[in-house]
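Peer 1: sequence and predicted model, in that order:
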Amino acid sequence: MLNKAFKTIPNNTNLVLHSDQGWQYQMKQYQHLLHQKGIKQSMSRKGNCLDNAIIENFFGVIKSELFYLKKYKSIDQLKQEIEEYIN
């Protein structure tokens, strides 16, 4: 995911990446990649998800209004429908 995103993001853009405290976000290799790109990592304390609440709400809504209502034949179909939903 990071390598794909890094192809479109210039270095040192002062981006902040909000995430929960999942094990993958706590890995030193992951944190090092973010640091190399100049991206600041933001993880809330346990039980305090306020800085991540907006995106968590968005994912909850898109799953209930789009994803769970249909079976998708391919990732490309899902991507297209997500783009249409957002637009």
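Peer 2: In hand now; what should we look at? Numbers count the residues shown, from 1 in each chain.
Peer 1: for the helix or strand harbouring residue 60, name the packing helices and strands.
Peer 2: In the assignment (DSSP states H and E), residue 60 maps to helix 53-65. If you count contacts as 3 or more C-beta pairs under 8 Å, 6 or more residues apart in numbering; DSSP states H and E, helix 53-65 packs onto helix 75-86. Every C-beta, even on glycine, is put in place using the N, C-alpha and C of the backbone.
Peer 1: quick one, the helix it packs on and helix 53-65 angle?
Peer 2: 110 degrees (axes from the mean of the first three to the mean of the last three C-alpha atoms, to 10 degrees).
Peer 1: for the residue located most distally from the centre of the chain, what are phi and psi?
Peer 2: Centroid-distance maximum for the chain: residue 73 at 23.1 Å, with C-alpha atoms, centre = their mean. The phi/psi pair for residue 73 (degrees, to the nearest 10) reads phi -80, psi -20.
Peer 1: look at the nearest residue to residue 55 once chain neighbours are set aside and give its secondary structure.
Peer 2: Using C-beta to C-beta, 6 or more residues apart in numbering and skipping the chain neighbours, the partner closest in space to residue 55 is residue 18 (6.7 Å). The three-state label given to residue 18 by DSSP: H, G, I helix; E, B strand; the rest coil is strand.
Peer 1: returning to that earlier point: so how far is the helix holding residue 60 off the chain centroid?
Peer 2: 12 Å (C-alpha atoms, centre = their mean, to the nearest Å).
Peer 1: residue 24 reaches residue 30, doesn't it?
Peer 2: Yes. The pair formed by residue 24 and residue 30 meets the contact definition of C-beta atoms under 8 Å, at 6.3 Å.
Peer 1: so which of the two has more stuff around it?
Peer 2: Taking other C-beta atoms under 10 Å, residue 24 and residue 30 do not tie; residue 30 has more neighbours (17 against 10).
Peer 1: average model confidence for the helix holding residue 60?
Peer 2: For helix 53-65, the mean per-residue pLDDT is 87.
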